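Undergrad: the following comprises the amino acid sequence and a computationally predicted model.
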Amino acid sequence: MPTRWFAFFVVIAGLLLAPAARAAEPAPAASEAVPRPPKLVDVRFTLFKTSEVKTQEGFAFEGGNLFKSVAINHMAVLVQHPRGRFLFDTGLGRDIDHQYRQDMPWWARPLFSYGPVTPVRDQMEVAHLGPVDRIILSHAHWDHASGLPDFPRTEIWITQAEKDFIAQRHPGALLPSQVDSPALNWKVYDLENRPFASFMRSRDVFGDGSVVLVPLSGHTPGSVGLFLTVKSGQQYFFCGDVVWKLDAARLVKPKFWLPSLIVDNDRPATLHSIEQLHRLMVANPSLVVVPAHDAAVHDAIGYYPHWVD
Ligand SMILES: [Zn+2]
Ligand SMILES: [Zn+2]
């Protein structure tokens with residue numbers, strides 16, 4: 001996410017140059033409800049904030065206030081299911097300073113910075129939370145994958161499209177020092193031809209409908225979102241970086257054009273995913289949608305040691 005001081009340069013640039021992308025009109029509401037598991041399962045989750053940085057709302061989405069400061073989190077989500085425990089993303093890890101110095105190009109540094117880091121591995125060790133069975137990545141961008149080397153040999157679930165994306169290298173978005181270690185235990189998985197809500201493909205991780213992955217390609221080719229139905233029946237949707245702020249999904253707005261040019265691999269496909277997310281929210285008003293970086297949404301949920309069940 002862009003830093004505050006860089007905002008002023010882009011404010012001027014944004015005023016001088018025509019925006020490269022325009023939000024489409026909101027699509028009509030879909031009728032597809034998010035399916036409920038046939039039986040509620042003892043699923044719970046907790047949020048770990050690994051770092052926080054300030055940016056301007058106007059960078060997070062087109063039409064946002066360029067003079068309003070908002071908090072952006074780098075997060076890991078720990079999900080506990082009776083048959084296993086996994087992290088959804090890692091946030092920033094123990095080696096972020098080294099990874100950043102080694103691999104983040106100079107031209108991207110003003111746009112992508114971070115605050116003080118408390119890695120999820122450290123937070124889990126202090127809390128004696130024990131190991132996880134796997135890590136599932138929403139996508140492989142540097143601010144989601146930084147903690148991977150902190151979990152050597154732990155299975156890392158990734159789609160083939162995202163694995164191919166990593167192999168292509170994308171300076172400023174992917175850092176090789178995070179994903180090249182031979183100690184990483186990649187597991188490529190498939191989304192199956194099973195519709196879930198408005199998504200044509202899905203992966204039911206434990207086979208009981210409580211933890212379901214769906215495709216959100218656009219931001220990166222193999223991005224996925226995670227539906228969780230916790231013990232109480234409340235449903236959550238972790239939507240990665242399709243939007244950086246929930247308001248962008250409410251208003252159907254793409255990211256500000258400059259950061260979007262760098263981070264959204266396929267901008268029309270990203271906008272399609274935003275429209276799909278918008279329709280999902282309209283059709284499922286009780287669904288809690290959680291963008292990976294929206295600190296206001298995370299604050300409302302609460303952080304470890306608070307568990308959501
Ligand atoms: Zn991203
Ligand atoms: Zn991100």
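TA: Everything's here; your move. Ligands and ions are numbered 1, 2, ... in the order given.
Undergrad: contact partners for the residue lying closest to Phe237 once chain neighbours are set aside?
TA: Once flanking residues are discounted, Phe237 sits nearest to Val289: 5.0 Å by Cβ to Cβ, 6 or more residues apart in numbering. The way it works is simple: take the backbone N, C-alpha and C, and place the C-beta from them, glycine included. By Cβ atoms under 8 Å, 6 or more residues apart in numbering, Val289 lies in contact with Tyr236, Phe237, Cys239, Leu246, Ala249, Leu277, Leu280, Met281, Val297.
Undergrad: checking my notes, Leu271 in a helix, right?
TA: Yes. According to DSSP: H, G, I helix; E, B strand; the rest coil, Leu271 belongs to a helix.
Undergrad: pLDDT wise, what is it at?
TA: The score at Leu271 is 97. That number is its pLDDT.
Undergrad: so what's the residue nearest to it when sequence neighbours are not counted up against?
TA: Distance criterion Cβ to Cβ, 6+ apart; nearest residue to Leu271, sequence neighbours excluded, is Pro254 at 5.4 Å. Residues in contact with Pro254, defined by Cβ under 8 Å, 6+ apart, are Ala21, Ala23, Phe61, Glu62, Ala248, Ser260, Asp264, Arg267, Thr270, Leu271, Ile274.
Undergrad: take the contacts of Val289 and keep only those in strands.
TA: Using DSSP state E, the subset of those located in strands is Tyr236, Phe237.
Undergrad: output the contacts of Val289 as TSV; include the columns neighbour count.
TA: TSV is the format used below for the contacts of Val289 (neighbours: other Cβ atoms under 10 Å):
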residue	neighbour count
Tyr236	21
Phe237	21
Cys239	29
Leu246	21
Ala249	24
Leu277	24
Leu280	25
Met281	18
Val297	17
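Undergrad: wait, Gly147 sits on Leu92?
TA: Yes. Counting by Cβ atoms under 8 Å, Gly147 sits close enough to Leu92 to count as a contact (6.7 Å).
Undergrad: what do those two both touch?
TA: Residues touching both Gly147 and Leu92 by Cβ under 8 Å, 6+ apart: Thr50, Pro119.
Undergrad: residues in contact with whatever residue of the stretch 1-150 of the chain ends up closest to ligand 2?
TA: When scored by Cβ to the ion, the stretch 1-150 of the chain has Asp143 as its residue closest to ligand 2, at 4.4 Å. By Cβ under 8 Å, 6+ apart, the contact set of Asp143 is Met1, His74, Gly91, Leu92, Phe112, Tyr114, His293.
Undergrad: please consider this matter closed, and thank you.
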